[in-house]
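**Q** need a 3D model of the following:
(one chain, ligands or ions: 1)
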Amino acid sequence: MQMKRRIAILGSTGSIGTQALDVISRHPSLLSAEVLTANSNASLLIEQAIRHQANSVVIADETKYDTVFNALDKHGIKVFCGEESISQAACGSNIDMVLTAMVGFSGLKPTIEAIKSGKAIALANKETLVAAGSIVMKLAMEHRVPIIPVDSEHSAIFQCLQGERSAPEKIILTASGGPFLHKSIRQIQEATIQEALNHPKWNMGSKVTIDSASMMNKGLEMIEAHWLFGLNPKDIDIVVHPQSIIHSMVQFADGSVTAQLSIPDMRLPIQYALTYPNRQDLDTQRIDFASLSRLDFLAPDTDKFPSIAIAYDAIEKGGNIPCAMNAANEAAVQAFLENKIRFPQIPIIINKVTNSIQHIQDPSLEDIYQTNNTAFEMALKMTTN
Ligand code: MG
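**A** Numbers count the residues shown, from 1 in each chain. As a prediction, the model looks like this:
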């Protein structure tokens, strides 16, 4: 009989977190949500914790502690607050797997702590590998901890590699192209927040949706793929595939290409990671090939989307530069969402920061935290003038 897998969801009130809880609720004999953490959405966290009979919750925003405690204590659910508690909750002896679904660089520390305490990782936080890929992968190796990708492209690649004994020759990451695929450079220059948030295929959180619009998301994913699958960046291609039916592909030495296809639904890669290596039922919409009739592919337009080249350049330079790129992007996206800068300034700011930050070839974790702070501050300053 299969043991029940006990899950900690870091970022349970976000897009990935809520869909993960949906998956968990469909397989009560296989999966349980033991620990839930959220930044500040106290009301949703409370509702989730009661519905899923969580063991404990963490609310990062300490001002919300009393509200959460008063609602959950009577249900016997333990309540903690503060950033520190997130890492601790993920490391408890009652946890088998940690789903890292928080947004941005904040995912790094709890992921590292979870690896150190031997927890399997379902990785939905790509910024963790972008910022500190060499450190995180080395730690995972040392602690014999599996890192199962949740990002749909990386889950596709992971699925394509099951049962293969040969290393891939090439990875082909597919990109929907985002909301600006068919817009002119002029239209992109004048893009509003609403237009950038209007993703044609995927319903996601605001950070990743803006990253999709700039295609920085694909740059981050290229770096994520480099660390997860060990390929040289020059062997990771990006192809725009507007239908988002093929979620990525793997090419082998004999020219054979394998692909993973489905109607876009994030619950599929989430469930695959949570129940790996088994597949379980899921009520996703099935592909009707006859009505689908065609799949399109095109090269990304690097003039319209300079972020892709910035990402290849950053991983080529290596060391702390991808971390600086990620931090500058986080600051620039935040500034764009606050209406402080216009859309085309995002890659300009990232470029300036990665070109002026001090390059450290073999950064320690301390260097990574330092780089993140410095790059974020540098980028923020550029958004105020
Ligand atoms: Mg993705």
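**Q** how does the protein divide into domains?
**A** 5-149, 318-380 (automatic domain parsing).
**Q** closest approach to the ion from the stretch 201-350 of the chain, which residue is it?
**A** Nearest residue of the stretch 201-350 of the chain to the ion: residue 221, at 5.5 Å (C-beta to the ion). To be clear about C-beta, it is placed using only N, CA and C from the backbone, and glycine gets the same treatment.
**Q** quick check: pLDDT value at the residue lying closest to residue 29 once chain neighbours are set aside.
**A** Nearest residue to residue 29, sequence neighbours excluded (C-beta to C-beta, 6 or more residues apart in numbering): residue 4, at 6.8 Å. pLDDT recorded at residue 4 is 94.
**Q** for residue 4, give its distance to residue 234.
**A** Separation of residue 4 from residue 234 (C-beta to C-beta, to the nearest Å): 43 Å.
**Q** looking at those two, which is more packed in?
**A** Taking other C-beta atoms under 10 Å, residue 4 and residue 234 do not tie; residue 4 has more neighbours (14 against 9).
**Q** ok, residue 185 touching residue 302?
**A** No. The criterion here is C-beta atoms under 8 Å, and residue 185 misses it with residue 302 at 11.7 Å.
**Q** show me where the stretch 101-250 of the chain has strands.
**A** 120-123, 147-149, 170-175, 236-240, 246-251 (DSSP state E, counting those that start in this stretch).
**Q** the ones you listed: which one's closest to residue 268?
**A** For the strands of the stretch 101-250 of the chain, proximity to residue 268 was assessed by C-beta to C-beta; strand 246-251 is nearest, at 8.8 Å.
**Q** still on that earlier bit, among the domains of the chain, which comes closest to the ion?
**A** Using C-beta to the ion, those put domain 5-149 closest to the ion, at 7.4 Å.
**Q** could you tell me the end-to-end distance of that closest one?
**A** Domain 5-149 has its terminal residues 17 Å apart, counting by C-alpha to C-alpha, to the nearest Å.
**Q** quick one: strands adjacent to the top strand by length along the chain?
**A** Secondary structure of the chain per DSSP state E: the longest strand is strand 31-38. Strand 31-38 has its sheet partners listed here by DSSP bridges as strand 5-10 (parallel), strand 56-59 (parallel).
**Q** count of neighbours near the residue of the stretch 201-350 of the chain closest to the ion?
**A** 28.
**Q** one step back: now the strands paired with strand 31-38 in JSON lines, with distance to residue 284 and mean neighbour count?
**A** Converted to JSON lines, the strands paired with strand 31-38 look like this (distance: least, C-beta to C-beta, whole Å; neighbours: other C-beta atoms under 10 Å):
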{"stretch": "strand 5-10", "distance to residue 284": "20", "mean neighbour count": "26"}
{"stretch": "strand 56-59", "distance to residue 284": "29", "mean neighbour count": "26"}
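**Q** just give me the neighbour total for the residue in the stretch 101-250 of the chain that the ion sits nearest to.
**A** Going by C-beta to the ion, the ion is nearest to residue 151 of the stretch 101-250 of the chain, at 4.3 Å. Residue 151 has 28 neighbouring residues, counting by other C-beta under 10 Å.
**Q** from residue 51, how far off is it?
**A** Taken as C-beta to C-beta, the span from residue 151 to residue 51 is 26 Å.
**Q** low-scoring stretches of this structure, by residue?
**A** The chain contains residues with pLDDT under 70 at 1-2, 385.
**Q** what residues does it have near the ion?
**A** Proximity of the chain to the ion, by C-beta under 5 Å from the ion, involves residues 151-153.
**Q** return the subset of those lying in helices.
**A** 152-153 (DSSP state H).
**Q** make CSV from the residues of the chain next to the ion and add distance to residue 259 to it.
**A** Formatted as CSV, the residues of the chain next to the ion follow (distance: C-beta to C-beta, whole Å):
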residue, distance to residue 259
151, 16
152, 13
153, 11
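**Q** which of the residues of the chain next to the ion sits closest to residue 26?
**A** Using C-beta to C-beta, the residues of the chain next to the ion come closest to residue 26 at residue 152, 18.8 Å.
**Q** burial of the closest residue in space to the residue of the stretch 101-250 of the chain closest to the ion that isn't next to it in sequence, as a residue count?
**A** Nearest residue to residue 151, sequence neighbours excluded (C-beta to C-beta, 6+ apart): residue 126, at 5.7 Å. Neighbour count of residue 126, defined by other C-beta under 10 Å: 27.
**Q** residue 126 reaches residue 222, doesn't it?
**A** No. If you go by C-beta under 8 Å, residue 126 and residue 222 don't touch, sitting 10.1 Å apart.
**Q** about what we covered before: nearest to residue 358, of the strands paired with strand 31-38?
**A** strand 5-10 (30.7 Å).
**Q** what sits up against the closest one?
**A** Applying C-beta atoms under 8 Å, 6 or more residues apart in numbering, the external contacts of strand 5-10 come out as 17, 20-21, 24, 30-37, 86, 89-90, 92, 94-102, 107, 110, 114, 119, 122, 125, 274-275.
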